[in-house]
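Participant: Give me a 3D structure for the following:
(3 chains)
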Amino acid sequence: MERRSNCTPVAENGVLDVKPLRSLAPMFPAPLGFDMVTRSNVPPLVCISPFGSSLSGLDPSLFTPNKVPSSMNEGAAHVATKSGANSFWTGGASILLVDDDEEEENPPSKGKSRTSGKRDKKLQAGSSGSDAKRKRLIKSSIKPLPLSLPMPDDPRESVDMILMNFDSLRRRLLQVDEAKDESNHHYLKAGSIMSARNVKTNVGKRIGSIPGVEVGDIFYFRFEMNLIGLHSLSMAGIDYLTTSFGDKDEPIAICVVSSGGYENEEDDIDVLIYSGQGGSGKNDKKPDNQKLERGNLALDRSFHRKNQIRVVRSAKDINCPTGKIYIYDGLYMIESSWTEKNKAGFNMFKYKLLREPGQPDGIAIWKMTQKWKENPSSRGKVILPDISSGAENIPVCLVNDVDDERGPNHFVYITSVKYPHPIDMMKPLQGCMCLSVCLPGDMNCSCANHNGGDLPYNSMGLLVCRKPLIYECCSSCQCTFNCRNRVTLKGIRLHFEVFRTSDRGWGLRSWDPIRAGTFICEYTGEVIDRSKLEDEIEEDEYIFQATYLGEKAMGFNCRPELLEEAELSTETEVFRSFPITLSAKNSGNIARFINHSCSPNVFWQPVLYDHGDEEYPHIMFFAMKHIPPMTELTYDYGPGTGSIHNKKCLCAAPICRGYFG
DNA sequence: GATCCTTCACATCC
DNA sequence: CGGATGTGAAGGAT
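Facilitator: Numbering: from 1, shown residues only, chains lettered A, B, ... in the order given. A predicted model of the protein is given here:
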């Protein structure tokens, strides 16, 4: 199952008075204390209540200091803030469709202030014309979600679900904007809608790790970190909370984002030299000396109080040159701080943060895989440099870091499906007449119309929404190879490796980070006749049947409830079963190594591009969520039939069903 | 509580 | 391509 799944962050829900912080700290040297907590498999003491913002389901005794884990830092002090408790999917009383004015009665208790003044203007502007209304997000018009939505109990699943919801909403909003040739702020809109409806988790600032967030997790927008409680500020880099030490209030830092805006030094994977905020001359201001206030003061206080600070680093997204990827790198502590002159000659604060020992690798994995990509021979433990023998666009190496196995049983590597009949004898696919490339919003593009009116991929080639069947452009289309409706037919684009797992044979993972909606690979193999071969199918470990999708994959698509206007809604049909059965036993590709998980990160999607036989589509895998480098790729094989042929599941997910088919 | 202010965003333009 | 610019949201400060 997933690489990091057994490193469950621990017990972050206990509210901890910060006072003992100073007195306890010397008694528990960091490495020992840390190991005890992060390495255990103890489930969280308290699960986030999926329902409602009230904490009524929680044992109050868990919120007293004496139930705090041995080392105070890992206790993840949840310091009560004005906004109160964890809120999750809090529709609450507001299932009633409140009017704009009444909405104030159901306070999420924050963020009202400034927006309310603006909002009135927006409402007026909006009421005068529907176009203006659509362009602007009117927060107060957002209806709260009903409580009937299925919600996971597990914090990890909650975080996954929030992030999948955010990105599906964002992709859909972007798709609509692209079709209208407008550029609206899809990420801000999506974030606002999520916030306004309280589709978020881990509300309330806290010290230490965040339930359901693991070291190495990646994000593509600041808003994503906001929604899951990792970093609550939309722009500022230093998140802090104010708490009382004795009788006076002091700010302490809880999370910093190092995103390249300042002159930070990031060469050492365990050390971060972080610059204070302000004084840089941005935002229409003159460059100046930094002041010991706000985030800078919080970091200074944290240096003295010795509390753990979450660190988020960043990397350039190679697939999107203007984009950045944020990587949660775990907990750090400030070792020292000083001031120095910046290039412009003004004073700036510097803080040296040291990574707490005993944590899973975070940014270290990025440094490692980057080196391998530049020089594949630097990857040790390689059995074969390219298991595809040049058949794929990019070599796929075979590695074994764990034992002496020399590789999987022999099979023939093929990059396309073996149909019983030649392709040109199959039903042809009708092409479009678009010149150059197919454009979103073009009502005359027959390919877009086949796909329900929208092109299924956005300008970055990401799948917007899962569909029963996707029609890509084909050889009879007039458009060029660069058309955005040609994605899966171009083959793999990621650096994969087939690797030895500790207990589940061989698996597949990537050296590249994978964004939700990214095409992974096709499931190639021989199309077999299902009616004739029941017995063989039972014996064949490499069978793919297009009859089961898995519940989590349904969450890839945008919930209609999240879209405020019906016209934006997408078709609700996600799944359709197909008779095609593939065997990759004798011949196949990397997809034959993808293992099962009850909490998968990949799903399959039928696609047509070289023939028009809808019974026998290509089976293409896509990323369900953002996947960090070196994380095993998995999909849901299905629960099985309950027969003795079912296999015991080793996925280790908290929501594991125990068996798969 | 309303308003102001600051902030290591993000996308586009040139 | 990188720097300037425009539209922003959230939360602390006042």
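Participant: what about the residue of the stretch 201-350 of chain A found nearest DNA strand C, neighbour count?
Facilitator: Residue nearest to DNA strand C within the stretch 201-350 of chain A (Cβ to the nearest atom of the strand): A:Ser234, separated by 3.9 Å. Where you see a C-beta, it was placed from the backbone N, CA and C, and this is true even at glycine. For A:Ser234, the tally of surrounding residues (other Cβ atoms under 10 Å) stands at 13.
Participant: thought it was touching A:Phe223?
Facilitator: Yes - applying Cβ atoms under 8 Å, one finds A:Ser234 in contact with A:Phe223, separated by 6.8 Å.
Participant: hey, what's in contact with both of these two?
Facilitator: A:Gly191 (Cβ atoms under 8 Å, 6 or more residues apart in numbering).
Participant: Give me the phi and psi for A:Trp506.
Facilitator: Dihedral pair for A:Trp506: phi -100, psi 150, per degrees, to the nearest 10.
Participant: And for A:Asp247?
Facilitator: A:Asp247 adopts backbone torsions of phi -110, psi 10, taken as degrees, to the nearest 10.
Participant: Now do the same contact list for it.
Facilitator: Counting by Cβ under 8 Å, 6+ apart, A:Asp247 touches no other residue.
Participant: circling back: quick check: pLDDT value at the residue of the stretch 201-350 of chain A closest to DNA strand C.
Facilitator: pLDDT for A:Ser234: 89.
Participant: What of A:Ser388?
Facilitator: So, for A:Ser388, pLDDT stands at 97.
Participant: need the contact list for A:Met460.
Facilitator: By Cβ under 8 Å, 6+ apart, A:Met460 lies in contact with A:Asn319, A:Cys320.
Participant: actually A:Ser577, not the one I typed
Facilitator: Listed by Cβ under 8 Å, 6+ apart, the contact set of A:Ser577 reads A:Ala546, A:Thr547.
Participant: cool, and A:Ser168?
Facilitator: A:Cys465, A:Gly555, A:Phe556, A:Asn557, A:Cys558, A:Arg559.
Participant: Give me the three-state assignment for it.
Facilitator: In three-state terms, and counting by DSSP: H, G, I helix; E, B strand; the rest coil, A:Ser168 is helix.
Participant: Give me the neighbour count for the residue nearest to A:Tyr637 when sequence neighbours are not counted.
Facilitator: Take A:Tyr637 and drop its neighbours on the chain: the residue closest to it by Cβ to Cβ, 6 or more residues apart in numbering is A:His596, 4.0 Å away. A:His596 has 20 neighbouring residues, counting by other Cβ under 10 Å.
Participant: again with A:Asn444
Facilitator: Residues contacting A:Asn444 under the criterion other Cβ under 10 Å number 11.
Participant: next one: the one 3 residues further on
Facilitator: As a burial measure, the neighbour count of A:Cys447 was computed by other Cβ under 10 Å and equals 26.
Participant: Just list the residues touching the residue nearest to it when sequence neighbours are not counted, thanks.
Facilitator: Spatial nearest neighbour of A:Cys447, excluding adjacent residues (Cβ to Cβ, 6+ apart): A:Cys432 at 4.3 Å. Counting by Cβ under 8 Å, 6+ apart, A:Cys432 touches A:Cys438, A:Cys445, A:Ser446, A:Cys447, A:Ala448, A:Cys473, A:Cys477, A:Gln478, A:Cys479.
Participant: any idea which helix or strand carries A:Cys432?
Facilitator: Element membership of A:Cys432, judged by DSSP states H and E, is empty: it is in no helix or strand.
Participant: from what I can see the residue nearest to A:Tyr637 touches A:Ala652, true?
Facilitator: No - counting by Cβ under 8 Å, A:His596 does not reach A:Ala652; the two are 11.7 Å apart.
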